[in-house]
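1. Pasted the sequence and its predicted model underneath.
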Amino acid sequence: MYDVVIIGAGVSGSATARELSRYDASICVLEREEDVCCGTSKANSAIVHAGYDCEPGSLMAKLNVEGNAMMTDLSRDLDIPFQRIGSLVVCTDPDTREGLEKLLEKGRKNGVPDLRIVERDELVQMEPNISDEAVAALYAPSAGIVCPFELNIGMAENANVNGVEFRFNTEVTRIQKTGDHFEIETNNGTVLSKCVVNAAGVYADVFHNMVCKEPIHITPRKGEYYLLDKSAGNHVRHTIFMLPTKMGKGVLVTPTVHGNLLVGPTATDQEDREGTNTTRQGLDEVAAKAALTVKDVPLRSVITSFAGLRAHEDHHEFIIQEAPECEGWIDVAGIESPGLTSSPAIGKMAAGIVVKKYGFAKKAHFVATRKGVVKPGKLSLEERNELIRKNPAYGTIICRCETVSEGEILDAIHRPLGAKSLDGVKRRTRAGMGRCQAGFCSPRVMEILAREVPGITMRNVTKAGGASRLIVGLDKDAYDTMPDETQRRN
Amino acid sequence: MENYKIVIIGGGPAGLAAAAAAKKAGEDSILILERDRELGGILNQCIHNGFGLHTFKEELTGPEYAGRFIKEVQDLGIEYRLDTMVLSISGDRVVTAMNRRDGMFQVQAGAVILAMGCRERPRGALNIPGYRPAGIYTAGTAQRLVNIEGFMPGREVVILGSGDIGLIMARRMTLEGAKVKVVAELMPYSGGLKRNIVQCLDDFGIPLKLSHTVVDIEGKQRVEGVTIAAVDGHGKPIPGTEEHYRCDTLLLSCGLIPENELSLSAGVELSPRHKGPVVNESLETSVPGIFACGNVLHVHDLVDYVSEEAANAGRHAAAYVQGVGRGEENVPGVEIVPGDGIGYTVPETVRANVMGDLLTIRFRVRGVYQNHFISVYFDDERVQHRKKQIVAPGEMEQVILQKKDLLAHPDLKKITICLEEA
């Protein structure tokens, strides 16, 4: 029997796990995928919002501004790439200019620091590629960009180091309350827990409705994106949003912490909770809308496209509370934008509810910091050579586009909650995330995984766990199973 | 910092031929830097035959062809470092590289020869919507898995793009026991060699669908199927023409891109046409002392032409470090312009007083043309006019300029190569 089971190892579940790991309690995270950060947390805008957009007085507004403020210390403590580059909400239609004033007012009510409106002249100074239609913009210097993978992985690793157990490939199939505890059935057996934190993203309503009388409803809202080559990374310097006009909402254009340019998302409601496919229509919409705020976005430099699903709750509000009629069931549901930004505050709030209820004692020796995978590119020539002398694997480059060495990949595999698949390595090291999109490095990373991870061979190594096998057999083995010569000839 | 007269980036067919030629031109201080475990480059995974018909007058496999050049480089005693990744090149020819043994190190080169080759266009750049499951490989990645490692990446295959590697892999996957269902090509013509279409598709009954592309990829974990559709004259899918194919693998052979990150780090100007460095008749880039050859310069159809071009680069680099032609640096070259029907030319300038007696200009045409003339104009004067039954983008073409003709036109401003109707 665990004290707490957390369903979902995304950014909300991992933040909650880390906050709870400050206390003496037995905690387990159940994750149906083979790794952390496999759902909404891996496919989003990677933005740390300032907080002017949320309704004043809402939980979203409160946690957005709190999460934003926490990001400086958290990124330092957990070694997460984070830059406070500021955002601009660009008004492209003089008739809608008052919208900027309204946003400014909302932002001030929400406690967003240093907001101001910049006029066109200053805007062009700040962003030379801003649209010719741009009239003015709301400037939020506290907005930033973050690596969503490392934010999620960093919090999960740190929770694990502090004693939280993670069970991967473990999908919850049924939950029932039995007396003072929950029986959680999974594909890997039944787990018992006094308390459940429901951080299941687009499935949070499904689990909630298994045990709670008052149902909630979540709609997967798809967002499609284009990611552009690093050669396009300087096209804008801030995160550029569009002030909605009567023509609709725009898409954001932003640099990423790794120097790429990201454009998107769309917003399409759908039924399919697994439907993370991109569509022609969606991608064309991204391309068209990018041009509304930023000139000459070099879409020829697209290196990949992707789609993520936001967990949109019907009331467009975070639900972070103990379910009124189900004791011990803590929902962390409806976590859509600004969920990534809010995640440190969400974790703190959810953990606070649990700790208050169960009265866990603070741990004597909580490890508050974590070092990420060493990034040799950030070292001097001397430091880099020292690293290679100590471990020659840092001298072998595996991913040429992102200049990732074997040493970094070995670190990603062997650290707590280490990588077990190509995507796991990619999210931790960026190997395969560059302009050739893993064409060069994937056979090399597959070999390293097969050599280093117990149970993984070239025959069963996967892209992202489960059935995503990369190899189906050996050359000519199809002939071995053919019953006779006739078929062989065909 | 170490010093070498010539540093060659890449130990594939271009780098090897350049090194051998530079050595034979009297240059002793040569270093090849190769990122892979062995010399030979991409030829090591090209185990099919058909290489060397021009160079050796016989049909060799890729590893055999590479082997001859590797042996020559070794016999000539040319230095090379394997498992060594070059990280940057400066405009004054300081090469920064890294390996396990030497760590990060720098070499001052008298001349640099860029011979890094090219890479395949990935799915993201092709802008194909759908899921992102396992089972989508570039043809070259699949070739490495099958030919070097002995693993099958899939059983039922659809190939997008009819570049040569895709055609070769259609045959290879079939021979290894997979079923190749169709090859779809966006353009109304194939990007590969005619002989590969015949030998790799026709001989195995694999259909080639021109003016078709993949419009959707299914399968959340592993590819389960793709949808292809016909495209209009602008490459846009035509609604209603969709056809679904069940498959577990999608191979991409949609073009090769010269790999010029290092060239850019040195400030080398690139051609928007062939995506490689802009070079003069000596294959020297816009940065003095930096030369380019092989697929990093422009994507070749036959490795034989890579070897020939690279040997020229090697000789020119040797002449450069030996001080031959000093003082000619600032002589402006005559511009060579791709005219009607021509995609690009290499080189794009020529200095008559520096060139050898003959200069081969290589180029590709922009479409399939039948019964056209390849013409060369010196300003407005037509000086060559040669009929071709058929030309296609998949095959490189060439014209040869003579030094005496150029010297006879001292006021020449522009050389135009174009296609003309019969």
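-> That came through fine. Residues are numbered from 1 along each chain as shown, chains lettered A, B, ... in the order given.

2. Give me the buried positions along stretch B:412-422.
-> Using 16 or more other C-beta atoms under 10 Å in any protein chain shown as the test for burial, stretch B:412-422 gives B:412, B:415-420. Where C-beta positions appear, they are placed from N, C-alpha and C, glycine not excepted.

3. Next up, the contacts around the closest residue to chain B within the stretch 301-450 of chain A.
-> Proximity of the stretch 301-450 of chain A to chain B (C-beta to the nearest C-beta) peaks at A:Thr304, 3.2 Å away. Counting by C-beta atoms under 8 Å, 6 or more residues apart in numbering or on different chains, A:Thr304 touches A:226-227, A:437, B:122-124.

4. cool, and A:Val445?
-> For A:Val445, the contacting residues are A:398-399, A:409, A:422, A:425, A:431-432, A:438, by C-beta under 8 Å, 6+ apart.

5. check which helix or strand covers it.
-> Using DSSP states H and E, A:Val445 sits within helix A:442-452.

6. is any part of the helix or strand bottoming out on mean pLDDT in chain B close to chain A?
-> Every helix and strand in chain B was compared by mean pLDDT, DSSP states H and E; the lowest is helix B:123-126, with a mean of 82. Yes - using C-beta under 8 Å from any C-beta of the partner chain, we find that helix B:123-126 touches chain A at B:123-125.

7. just these now: which is nearest chain A?
-> Using C-beta to the nearest C-beta, B:Gly124 is the member of those that lies nearest chain A, at 3.2 Å.

8. And for the closest one, the neighbour number?
-> 20 (other C-beta atoms under 10 Å in any protein chain shown).

9. just B:Gly323 next, same as before
-> B:Gly323 is flanked by 8 other residues according to other C-beta under 10 Å.

10. same deal with B:Lys5?
-> Residues near B:Lys5, counting by other C-beta under 10 Å, number 18.

11. doesn't B:Ala109 make contact with it?
-> Yes - B:Lys5 lies in contact with B:Ala109 (C-beta atoms under 8 Å); the separation is 7.4 Å.

12. which regions of the stretch 151-300 of chain A lie under the pLDDT threshold?
-> Scanning the stretch 151-300 of chain A for pLDDT under 70 picks out the ranges A:247.

13. Helices of that one, residue ranges please.
-> For the stretch 151-300 of chain A, the helices defined by DSSP state H, counting those that start in this stretch cover A:204-211, A:280-293.

14. quick one, the helix or strand following the last one and helix A:204-211 angle?
-> What it means is helix A:280-293. Downstream of helix A:280-293, the next assigned helix or strand under DSSP H and E is strand A:302-313. With axes from the mean of the first three to the mean of the last three C-alpha atoms, to 10 degrees applied, the angle from strand A:302-313 to helix A:204-211 works out at 30 degrees.

15. tell me which residues of strand A:302-313 are tucked away?
-> Within strand A:302-313, the residues scored as buried using 16+ other C-beta under 10 Å are A:302-313.

16. Which residue, other than its chain neighbours, is closest to B:Glu72?
-> Using C-beta to C-beta, 6 or more residues apart in numbering or on different chains and skipping residues adjacent in sequence, the residue nearest B:Glu72 is B:Ala20, 4.9 Å away.

17. tell me the contacts of the residue in the stretch 51-200 of chain A positioned nearest to chain B?
-> Per C-beta to the nearest C-beta, A:Asn169 is where the stretch 51-200 of chain A lies closest to chain B, at 12.6 Å. Residues near A:Asn169 by C-beta under 8 Å, 6+ apart: A:31-34, A:187-188, A:465-466.

18. One more pass at 10 Å, please.
-> Shown in contact with A:Asn169 (C-beta atoms under 10 Å, 6 or more residues apart in numbering or on different chains): A:30-35, A:186-188, A:420, A:465-466.

19. quick check: longest helix of chain B.
-> Criterion DSSP state H: the longest helix present in chain B is helix B:303-321.

20. residue boundaries of the helices in the stretch 351-490 of chain A?
-> According to DSSP H, counting those that start in this stretch, the helices that the stretch 351-490 of chain A contains are A:381-390, A:406-414, A:422-429, A:442-452, A:477-480, A:485-489.

21. how about the residues of the stretch 201-350 of chain A that lie near chain B?
-> Within the stretch 201-350 of chain A, the positions lying close to chain B (C-beta under 10 Å from any C-beta of the partner chain) are A:224, A:226-231, A:272, A:274-284, A:287, A:299-307.

22. again, only using 6 Å
-> A:274, A:277-280, A:283, A:303-304 (C-beta under 6 Å from any C-beta of the partner chain).
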